[in-house]
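Chemist: the sequence and its predicted three-dimensional model are supplied below.
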Amino acid sequence: MQIPPILYRLAIACWIGGACLFTFVLTPIIFKSFNRDMAGGIVGALFPGYFKWGLIWGAIALAAILMSPTVKHRTIAAVIIAGMLALTLVQAIVIEPRAAALKREIASFETTSKDDPQRVRFRKLHGVSAVSNLAVIGGGIVLIVLL
């Protein structure tokens, strides 16, 4: 049965490829092309879809690896995928909604002081989200190496 291992590889490629494209290509282009407030609004509007993308492909990857007894390092890969899914889920249902709420309270990132308490809280959430996102990408790279 060759379908699960193929589906596993496809899911990891789509998940990590999408994450890398969004993180390292699209977001920087958006922030270079628009002022900070507009760019933040655009990227913020894309986040729900970005996290759904990761959750869908992550779930497919986990299901496929569990149905693929011939894939090397199956248990390690399943644990890594589960961790990546957990990080993505926390970003989607905890961090992103809190950051979006804080962003709505900040009139402008261009004119509001960096020391403003709302901006400080937003910056902390953004930092946690960025580290989580890089951990998901790193986990995906490990999965690719394990192949």
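Modeler: Cool, got the structure. Numbers count the residues shown, from 1 in each chain.
Chemist: so which residue is dead centre in the protein?
Modeler: residue 133 (4.5 Å; Cα atoms, centre = their mean).
Chemist: name the surrounding residues that touch stretch 16-26.
Modeler: 46, 50, 53-54, 57, 133-134, 136-137, 140-141, 143-144 (Cβ atoms under 8 Å, 6 or more residues apart in numbering). Yep, even glycine has a C-beta here, placed from its N, CA and C like the rest.
Chemist: mind checking which of those land in helices?
Modeler: Secondary structure of the contacts of stretch 16-26 is defined by DSSP state H; positions in helices are 46, 50, 53-54, 57, 133-134, 136-137, 140-141, 143-144.
Chemist: JSON lines for those residues, including distance to residue 9 and pLDDT?
Modeler: Below are the ones in helices among the contacts of stretch 16-26 laid out as JSON lines (distance: Cβ to Cβ, whole Å; pLDDT from 0 to 100):
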{"residue": "46", "distance to residue 9": "26", "pLDDT": "97"}
{"residue": "50", "distance to residue 9": "21", "pLDDT": "98"}
{"residue": "53", "distance to residue 9": "17", "pLDDT": "98"}
{"residue": "54", "distance to residue 9": "17", "pLDDT": "98"}
{"residue": "57", "distance to residue 9": "11", "pLDDT": "98"}
{"residue": "133", "distance to residue 9": "22", "pLDDT": "98"}
{"residue": "134", "distance to residue 9": "22", "pLDDT": "98"}
{"residue": "136", "distance to residue 9": "17", "pLDDT": "98"}
{"residue": "137", "distance to residue 9": "17", "pLDDT": "98"}
{"residue": "140", "distance to residue 9": "12", "pLDDT": "98"}
{"residue": "141", "distance to residue 9": "14", "pLDDT": "97"}
{"residue": "143", "distance to residue 9": "9", "pLDDT": "96"}
{"residue": "144", "distance to residue 9": "9", "pLDDT": "94"}
